[in-house]
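Enquirer: Show me how the following folds:
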Amino acid sequence: MQTERLLTAWETARRELIEQRNAAGVWVGQLASSPLATATALSALVLAEQHGRRVDGKSSWEDVYQGNLSELIVQSLHWLAGQQNEDGGWGDTDRSGSNIATTLLVSAAFHLTGEPARYSGMLARGAEYIRRQGGFDALRRRYGRDKTFAVPILTNCALAGMVSWSEVPPLPFELACVSPGFYRHLRLPVVSYALPALVAIGLARFHHLPPVNPITRSVRRAAQSKSLDVLQAMLPGSGGFLEAIPLTSFVVMSLAATGRAEHRVARMGVEFLLESVRADGSWPIDVDLSVWNTVLSLSALGSRGGSSGERSTPAEIFPDSVEWLLAAQHRRTHPMTGTPAGGWAWTDRPGGVPDADDTSGALVALARARQCAPDQRGRRIDAAAADGVTWLLDLQNSDGGWPTFCRGWGRMPFDRSAADLTAHALRALAAWRGRLRNWSAEACKTGPGSGDLGGRIDQAIARGVRFLLNGQSEDGSWDALWFGNQHHPAEANPIYGTTRVLAALRDLGLKDRAPSERALNWLADVQQAAGGWGGGPLATERGYPEQECSVEETALAAEALLKAGSAARFKTAAQQGVSWLVEAVESGRHRGPSPIGFYFAKLWYYERLYPLIFTVSTLGTAVEHSLPPQPSRYVHSHPFV
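Expert: Numbering: from 1, shown residues only. So this is what the prediction gives:
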C-alpha cells in the first residue's frame, strides 16, 4: 500500500466524518427506514383514531393529527408496498432479507388500514410467504422463550383479526406494580427495558380474553389502575419509550384497543409517532443514536496519524462535543429500569435508557478528551467519569460479565452478560483506573476521597477478564450481542465480538497471551480472498459460504490485526484489509452501510455513519503504523487542527 494513497484516503474519510458533525457538536447520524417500524406505527395510529372519543361525529384526535391522517396512511402504505422483496416477504430494512416477524406486521398494518383490496396481489404474495415459512409457529420458533417481541407481534395480528386472542400468551402485567428493585427476582418473560410493553400488551390481552382462573382474573382486574400508573411514571417527556417506534407503537395500539385511547400515555405516544415520521411516510426503529455515534466519532478521530508527542485530541478540536457529552449523562435514577444516576444512553433524548455499551463508549471518549482538557473542564470530566465508572461497577453481573441494562435479570439475551459489552466495559475501566484510583465510591459526586474505587476497579477487571476467557469459542472467536450479521448462519457476528474483546485484552496488556493469539489467528483465517471480512467463517468445509465483505467488519478486523504486533501473518492480513478499505474510499463504497446490527430481539437496522466512523479509525491507525516518528505534513495541514 502506497503511503500517499493511504494518507489521501484517510484524509478524505476523516473530512467527511467531521462534516457530519452538526452545529451542536453532535454526530446524530441516520438510522435506516424500517418496514417493521413503519407497519407498527401505522397500526398504532389507525387504532388510536378508531378508538378515540367522538364528539359530533368528529374524533377527539383531530387536534393531535393536525392534518389528514388518510394522506399519511396512503403515503406510508405506498412506501411499504415498495419494500416488498421478490419472495413476497418484507425485511427490516431495504437491504435485508425477508423474515416472518416483519412480514406479519406489515400484513397486519394493511388489514387495519382498510386498504387491502388495493394491494390484493401484494398481500397474497405476502400470505404465501408466511405460509411457506410456517405461519405463527415460525414466529414462535424464531423467538423461543423470549416473549419480548413475539407477544407484541401476535397482539398486533390479533388486533388486525389475523389470529385468535387465544394464540396470544398472557403477560403478567400486575408484576409491574412491585418495586423495581424486585424485578430481577420475578423471572419476568420479557427483557428489562420492555416493561411498558409488559403492561400495555398484558392489559390488552386481559381485556379481550380474561383468564379462566377466578383468582388470577380478580388479581389482574384489581391491578389495572396501578399498572397504568406505573406505565405513566415510565413515560418520557417525548412520549416515546426508548425513543423506539416499535415499542411505543405496541403500547399505543394496546391501550387504544382497551378503550384507553384518551389516556395520556397513548396521546403522547401518538404525538411522538407523528413527530418522528419521515417525509416519505416511513419510520426508523429509533429516532437516533446521537450519543453512540458521537462517542464512536470522537474515538475514531483520536487516531491521529503520526507517532509524535504533538498529536491533538478530540478535546482540543471539538470542545463543544465533549461538553455535549457531559450534559448527556443521566443524573437521576431511571424510572423504567431503576438503574442509578451516572450512565449514558444511546441518545440524549428523554426516552433513552442508560446502558453498558454507551456508558463505556462515553468513558473511553472522555478518557481521550481528558488528556489535554483545561483544568476546569478536566475536573468536570473526572467527576463525570467517576460517576460513570461507579455505574458500570454496580452493573457487573455475578458471573463477571456485563449485561445491557440491568444487573441480575439474567434470563433473556439482552439481560445476560455478553462478550462485547464486557469487553467495552473493561476498556472503560482500564482507561480510568489510574486517574480514579484515589476516589471513593461515596465521594464520586464531590471529588477524590480516601478511596476504594481503585480496588473495586481492579477486582471488576479481574472478574471480567475471567468471564471473557471462559467464554472464548473453540475456534478462538467471541460472538457479540448487539451486532449481528444477517448472512451468518446463526445471524451472529463473531467478527465484531472478537475484535471488541481483542481491543480490551490489548488495553489491559494481555495482547501477547494465548487467547489473543488464538483470536488473531481466527481473524486471519476468515479473511476473504478480496482482502476484506464478512460476517462468518470462510472455510467451506465447515459449511459456511464465502461472505460479501462489509466496510464495517473489514475496518474492525484490520484495525485489530494492525494493533496485534509484528507477527508476519497478522501484518500481512492487516495490510490487505487496509488496501481493501483504501480502495473502498477511492470508489466511494465506504459510505455504504450494512445491516449488521441487532436491536430489540432480532430486529435489523443499519446506521449511515457506522462505515465512515470505522473507516476513519482504522485508516488513522494504519497511518500511525506507516509514518515515521516525525509529524506528518498531512496531519498538520488539516483545517481543524
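
Enquirer: need the helices for the stretch 501-641 of the chain, in chain order.
Expert: Under the criterion DSSP state H, counting those that start in this stretch, the stretch 501-641 of the chain contains helices at 514-525, 551-562, 568-587, 610-626, 633-636.

Enquirer: For my notes, please list those helices in TSV and give mean pLDDT for each entry.
Expert: What follows is the helices of the stretch 501-641 of the chain, written out as TSV (pLDDT from 0 to 100):
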stretch	mean pLDDT
helix 514-525	96
helix 551-562	96
helix 568-587	95
helix 610-626	94
helix 633-636	30
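
Enquirer: for the stretch 251-400 of the chain, what are the low-confidence residue spans?
Expert: Per-residue confidence for the stretch 251-400 of the chain (pLDDT under 70) gives these ranges: 303-316.

Enquirer: mind running it again at 90?
Expert: Screening the stretch 251-400 of the chain residue by residue with the criterion pLDDT under 90, one finds the ranges 302-318, 334-339, 370-378.

Enquirer: For it, just list every one of the helices.
Expert: 264-276, 290-301, 314-317, 319-327, 356-370, 375-395.

Enquirer: could you dump those to a markdown table with mean neighbour count and distance to Gly29?
Expert: Where you see a C-beta, it was placed from the backbone N, CA and C, and this is true even at glycine. Conversion of those to a markdown table gives the following (neighbours: other C-beta atoms under 10 Å; distance: least, C-beta to C-beta, whole Å):
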| stretch | mean neighbour count | distance to Gly29 |
| --- | --- | --- |
| helix 264-276 | 21 | 15 |
| helix 290-301 | 26 | 4 |
| helix 314-317 | 21 | 17 |
| helix 319-327 | 18 | 14 |
| helix 356-370 | 25 | 14 |
| helix 375-395 | 20 | 22 |
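
Enquirer: Which of those helices sits closest to Ala23?
Expert: When the helices of the stretch 251-400 of the chain are ranked by distance to Ala23, counting by C-beta to C-beta, first place goes to helix 319-327 at 8.9 Å.

Enquirer: Mind exporting the C-alpha coordinates of that closest one to PDB?
Expert: What follows is the C-alpha trace of helix 319-327 in PDB, where atoms were taken according to Å, rounded to 0.1, in the frame of the first residue of the first chain:
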ATOM      1  CA  PRO A 319     -14.600  21.000  23.000                       C
ATOM      2  CA  ASP A 320     -18.300  21.600  22.300                       C
ATOM      3  CA  SER A 321     -18.700  17.800  21.500                       C
ATOM      4  CA  VAL A 322     -17.200  17.000  24.900                       C
ATOM      5  CA  GLU A 323     -19.400  19.500  26.700                       C
ATOM      6  CA  TRP A 324     -22.500  18.000  25.000                       C
ATOM      7  CA  LEU A 325     -21.400  14.500  26.000                       C
ATOM      8  CA  LEU A 326     -21.000  15.600  29.600                       C
ATOM      9  CA  ALA A 327     -24.500  17.100  29.600                       C
END
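
Enquirer: coming back round to it: redo the helices of the stretch 251-400 of the chain as JSON lines? Include distance to Leu139.
Expert: Converted to JSON lines, the helices of the stretch 251-400 of the chain look like this (distance: least, C-beta to C-beta, whole Å):
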{"stretch": "helix 264-276", "distance to Leu139": "24"}
{"stretch": "helix 290-301", "distance to Leu139": "29"}
{"stretch": "helix 314-317", "distance to Leu139": "44"}
{"stretch": "helix 319-327", "distance to Leu139": "40"}
{"stretch": "helix 356-370", "distance to Leu139": "28"}
{"stretch": "helix 375-395", "distance to Leu139": "32"}
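
Enquirer: Tell me which of the ones you listed sits nearest to Gly577.
Expert: With respect to Gly577, and counting by C-beta to C-beta, the nearest of the helices of the stretch 251-400 of the chain is helix 290-301 at 16.2 Å.

Enquirer: what's in contact with stretch 253-264?
Expert: For stretch 253-264, the external contacting residues (C-beta atoms under 8 Å, 6 or more residues apart in numbering) are 40, 43-44, 47-48, 50-53, 60-61, 155-156, 159, 197, 200-201, 203-204, 207-208, 228, 232, 235, 265-267, 269.

Enquirer: Out of the helices of the stretch 251-400 of the chain, which is closest to Thr422?
Expert: Relative to Thr422, the nearest member of the helices of the stretch 251-400 of the chain by C-beta to C-beta is helix 356-370, separated by 8.2 Å.

Enquirer: roughly how far is that closest one from the heart of the chain?
Expert: Between the centre of helix 356-370 and the centre of its host chain there is 16 Å, according to C-alpha atoms, centre = their mean, to the nearest Å.

Enquirer: now stretch 27-45
Expert: For stretch 27-45, the distance from its own C-alpha centre to the chain's C-alpha centre is 14 Å (C-alpha atoms, centre = their mean).

Enquirer: Pro595: what's it in contact with?
Expert: Pro595 makes contacts with Ala32, Asp92, Thr93, Arg95, Ser96, Gln486, Trp604, Tyr605, Tyr606, as judged by C-beta under 8 Å, 6+ apart.

Enquirer: What secondary structure category should be reported for the fifth one?
Expert: To tie it back to what came earlier, the one meant is Ser96. Three-state assignment for Ser96 (DSSP: H, G, I helix; E, B strand; the rest coil): coil.

Enquirer: those strands in the stretch 51-200 of the chain, which residues are they?
Expert: Assignment of strands within the stretch 51-200 of the chain using DSSP state E, counting those that start in this stretch yields the ranges 54-55, 58-59.

Enquirer: Give me the neighbour count for Asp92.
Expert: When neighbours are counted by other C-beta atoms under 10 Å, Asp92 registers 27.

Enquirer: excluding its backbone neighbours, what's nearest it?
Expert: What sits nearest to Asp92 in space, not counting adjacent residues and going by C-beta to C-beta, 6 or more residues apart in numbering, is Trp604, at 3.9 Å.

Enquirer: again, but for His207
Expert: Thr258 (4.2 Å).

Enquirer: so how many other residues sit close to that neighbour?
Expert: So Thr258, with other C-beta under 10 Å, has 20 neighbours.

Enquirer: One more: Ala490?
Expert: The burial count for Ala490: 11, using other C-beta under 10 Å.
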